[in-house]
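Enquirer: Below is the structure, and that's it, no one-letter string:
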């Protein structure tokens, strides 16, 4: 096995947003130098398995820069000193606020893809999300002048949101001319946040919002290549996320990180003390692992690949799972024929199919 894609989870945030379901901690109470030293120690445990020519490194969170640019630079130096990063996509997640120090770091560092969590420009919608960070126009203008692949994250189907608000968000975003946009539908999960807002949930039609977003972005030269992902050109598509959607291996590093290696899915301890103690013992800080069974692999392959506009590769599917997906599911294909585009090599969902994605895809599960 040769690892080509790495996710590094830095769970610290100055403020904890209600809607965020990732493992996170307040950054002020942590020694950041010790934290990054432990991250590098964990990376060293996998050194013999990591390909010298990495495809992608994704530094997510949390808010990675909450531990300071110097610590992120220390992490990047580790990779620079040990691997060939000439063709490596290196992403970092940031907040839409900051100072000139952050701008200069992003401009001159090895990072070549910057993912910025806008969510919305509307203060009331941000309040609904429990998000205290208001996008700073001056910061975003400076960010837009950095000649790197910049992505903005937006959310729709927020309680109280309507088409006019979506138009306003997209209009503002387009002024910064980002190479890439991610537009996610808000998903309510079983936590305090969802219980707090479920009775306020908008009556605005989700499907109309989604179709409107796709058409609006398409008319402004952003091509959808995955249900939630849009880019100006194919070369700006996320390499790291595309690896996820193809169901490939990736290494998860850091507390709370998930990874998949050789048909084993695992997650690291979410408790920082336990994470540190395992690292100190020179043991991988894995708290959970499971074998990905044939059934799980099959269903996840279908689930993930049909998210992509390119669709599911029928030849590859047959080579992996031993049967022709179309032949075995003729009745389903006929049932949902108006939602599919089918060629000799691919099956993919059209825009109507994407609106019924969960319903359709689940019927192909075994």
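Expert: Good, I have the coordinates. Keep in mind it's a predicted model, so treat the numbers as computed, not measured. Numbering: from 1, shown residues only.
Enquirer: Averaging pLDDT per element, find the lowest-scoring helix or strand in the chain.
Expert: Least confident helix or strand of the chain, by mean pLDDT, DSSP states H and E, is helix 192-197 with a mean of 53.
Enquirer: next SSE after that helix?
Expert: Sequence-wise, the next helix or strand downstream of helix 192-197 (DSSP states H and E) is helix 206-219.
Enquirer: What is that following helix packed up against?
Expert: Secondary-structure packing of helix 206-219 (3 or more CB pairs under 8 Å, 6 or more residues apart in numbering; DSSP states H and E): strand 149-156, helix 163-174, strand 180-185, strand 223-226, helix 351-355. For every residue, glycine as well, the C-beta is placed using N, CA and C.
Enquirer: mind listing what residue 9 touches?
Expert: For residue 9, the contacting residues are 22, 23, 60, 61, 62, 252, 253, 254, 255, 256, 257, 268, by CB atoms under 8 Å, 6 or more residues apart in numbering.
Enquirer: Can you lay out the helices and strands packed on helix 206-219 as JSON lines showing mean neighbour count?
Expert: Formatted as JSON lines, the helices and strands packed on helix 206-219 follow (neighbours: other CB atoms under 10 Å):
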{"stretch": "strand 149-156", "mean neighbour count": "22"}
{"stretch": "helix 163-174", "mean neighbour count": "17"}
{"stretch": "strand 180-185", "mean neighbour count": "20"}
{"stretch": "strand 223-226", "mean neighbour count": "18"}
{"stretch": "helix 351-355", "mean neighbour count": "18"}
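Enquirer: for those, which one sits closest to residue 216?
Expert: Closest to residue 216 of these is helix 163-174 (CB to CB; 5.6 Å).
Enquirer: hmm, who's touching that closest one?
Expert: Under CB under 8 Å, 6+ apart, the answer for helix 163-174 is 118, 120-122, 125, 152, 154, 156, 181, 204, 208-209, 212-213, 216-217, 220.
Enquirer: Model confidence for residue 24, exactly?
Expert: Each residue has a pLDDT score; the one for residue 24 is 58.
Enquirer: Write the PyMOL selection for whichever of the contacts of residue 9 are buried.
Expert: Per 16 or more other CB atoms under 10 Å, the buried members of the contacts of residue 9 correspond to this PyMOL selection:
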select buried, resi 23+60+61+62+252+253+254+255+256+257+268
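Enquirer: Among the contacts of residue 9, find me the one that's closest to residue 231.
Expert: residue 60 (18.9 Å).
Enquirer: what about that closest one, distance to residue 139?
Expert: Counting by CB to CB, to the nearest Å, the separation of residue 60 from residue 139 is 20 Å.
Enquirer: same check, this time on residue 229
Expert: 24 Å.
Enquirer: likewise residue 36?
Expert: 24 Å.
Enquirer: Likewise for residue 33?
Expert: Where residue 139 is concerned, residue 33 sits at a distance of 26 Å (CB to CB).
Enquirer: returning to that earlier point: looking at residue 229 and residue 139, which has the bigger crowd around it?
Expert: residue 229 (23 against 19; other CB atoms under 10 Å).
Enquirer: and that one, what are its phi and psi?
Expert: phi -120, psi 140 (degrees, to the nearest 10).
Enquirer: burial measure for residue 348, as a count.
Expert: Applying other CB under 10 Å, we find 19 residues neighbouring residue 348.
Enquirer: Would you confirm that it contacts residue 357?
Expert: No - Residue 348 lies out of contact with residue 357 (CB atoms under 8 Å); the separation is 11.3 Å.
Enquirer: overlap in contacts of these two?
Expert: Common neighbours of residue 348 and residue 357 (CB under 8 Å, 6+ apart) are residue 306.
Enquirer: residues near residue 34, how many?
Expert: 11.
Enquirer: How about it: what's its closest non-neighbour residue?
Expert: Nearest residue to residue 34 in three dimensions, chain neighbours excluded: residue 276, at 7.8 Å (CB to CB, 6 or more residues apart in numbering).
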